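[1] Give me coordinates for this.
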Amino acid sequence: MKPVDFDTARKHPVALLIHGGPQGSWHNDFHYRWNPQLFAGHGYAVLAIDFHGSTGYGQAFCDAIRGDWGGKPFEDLQKGLAAALARYPWMDGERVAALGASFGGYMINWDCRPVARPLPLPGQPRRQPRRALAYYDTEELWFPEWDHVGTPWDNPGSYEKHNPINHVDKWKTPMLVVHGGLDFRVVETQG
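    Now for the predicted structure:
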């Protein structure tokens, strides 16, 4: 989405919005949390990528992330950002902000782990405590157990494989966490 003050002669900062779920999708709607129009209205070029695991592309595409939370979705986001920056020279690859909540928040944390990457994301997918550690703090049990192919005690390796906390000592990118006491799915301390 082009920013409100779009000008092909200028470089515009980029807001890479990452939806939750991961079994979610970007729709043409006005949403209370992630509204691309609000970011565009503040001068950002907006990217909203439906990565592997997103709904609306068939069950196989949705199921493709089973046991691979930090794999295909992250790769899709990286490739999508790279493709957009290559295609639209008015997007400023030096001023990219990645934003997400729920699974999108997990992707932000996964992005902050230090790994070799070709893209200027504001960190590197860090493994986030969102899903890996919030398992015991949410009533949402079906998705973690399905996506991680079992419970933490039956299949701990699947949870540990993409656990952002294993890389927190190497994080370099500043992060703003906004969380409220009325989130009935994840307690404040897991924000």
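[2] Please make it C-alpha for all contacts and neighbour counts, starting now.
    Fine.
[3] Please go through the chain and pick out the longest strand.
    Among all segments of the chain classified by DSSP state E, the strand with the greatest residue count is strand 91-100.
[4] Count residues in the vicinity of Ala60, would you?
    For Ala60, the neighbour count with other Cα atoms under 10 Å is 11.
[5] Output the below-cut-off pLDDT ranges for the protein.
    Along the chain, the model assigns pLDDT under 70 to residues 112-140, 183-187, 190-191.
[6] Which residue ranges of it form strands?
    With DSSP E as the criterion, the chain has strands spanning 12-18, 45-48, 91-100.
[7] got those strands as CSV, with distance to Thr173 and mean neighbour count columns?
    Listed next are the strands of the chain as CSV, based on distance: least, Cα to Cα, whole Å; neighbours: other Cα atoms under 10 Å:
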stretch, distance to Thr173, mean neighbour count
strand 12-18, 15, 24
strand 45-48, 20, 22
strand 91-100, 11, 18
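[8] can you put the ones you listed in JSON lines and add distance to Asp147?
    Compiled in JSON lines, these are given as follows (distance: least, Cα to Cα, whole Å):
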{"stretch": "strand 12-18", "distance to Asp147": "18"}
{"stretch": "strand 45-48", "distance to Asp147": "22"}
{"stretch": "strand 91-100", "distance to Asp147": "19"}
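[9] how close does the spatially most central residue of the chain get to Leu38?
    Closest residue to the average C-alpha location of the chain: Gly104 at 3.1 Å, with Cα atoms, centre = their mean. Applying Cα to Cα, to the nearest Å, the value for Gly104 to Leu38 is 18 Å.
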